[in-house]
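[1] Kindly generate the corresponding structure for this input.
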Amino acid sequence: MQLNTCNFRIDPTPRRADGEYMAHARISTNREDGAETELFVSGDLAGFDRRDEAIAFAKNWAQEWLQVRFG
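    Predicted coordinates:
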């Protein structure tokens, strides 16, 4: 079964530290009243030389996290 992620938002914006892009993910959703609520913030997952690699890693990590909990 495939998880429908349209109810969740993943922000995979990496942070720059010590010359690397640190992958991390912020996962949020909307409550019934429409207000955004944060479900989870991963913390640093891994360091990458390239920004796009950090983003891809964080997105994949977050999708797996959602699949385990809501799939």
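[2] which residues pair with Thr37 across the strands?
    Thr29 (DSSP bridges).
[3] Please disregard the earlier target; I meant Tyr21.
    Per DSSP bridges, the residues bridged to Tyr21 are Arg16, Phe48.
[4] Help me confirm that it comes into contact with Arg15.
    Yes. Using Cβ atoms under 8 Å, Tyr21 is in contact with Arg15, at 7.4 Å. C-beta here means a position set from N, CA and C on the backbone, and glycine is covered the same way.
[5] Neighbour count for these two, which is higher?
    Ranked by neighbour count (other Cβ atoms under 10 Å), Tyr21 and Arg15 place Tyr21 first, with 22 against 11.
[6] where's Phe40, which helix or strand?
    Secondary structure from DSSP states H and E places Phe40 in strand 36-41.
[7] what about that strand, average pLDDT?
    Mean pLDDT, strand 36-41: 92.
[8] and for that strand, what are the contacting residues?
    With contact meaning Cβ atoms under 8 Å, 6 or more residues apart in numbering, strand 36-41 is reached by Phe8, Arg9, His24, Ala25, Arg26, Ile27, Ser28, Thr29, Asn30, Arg31, Trp65.
[9] do that again at 10 Å, thanks
    The contact list for strand 36-41 (Cβ atoms under 10 Å, 6 or more residues apart in numbering) reads 8-9, 11, 24-31, 62, 65-66, 69-70.
[10] I appreciate the help and will end here.
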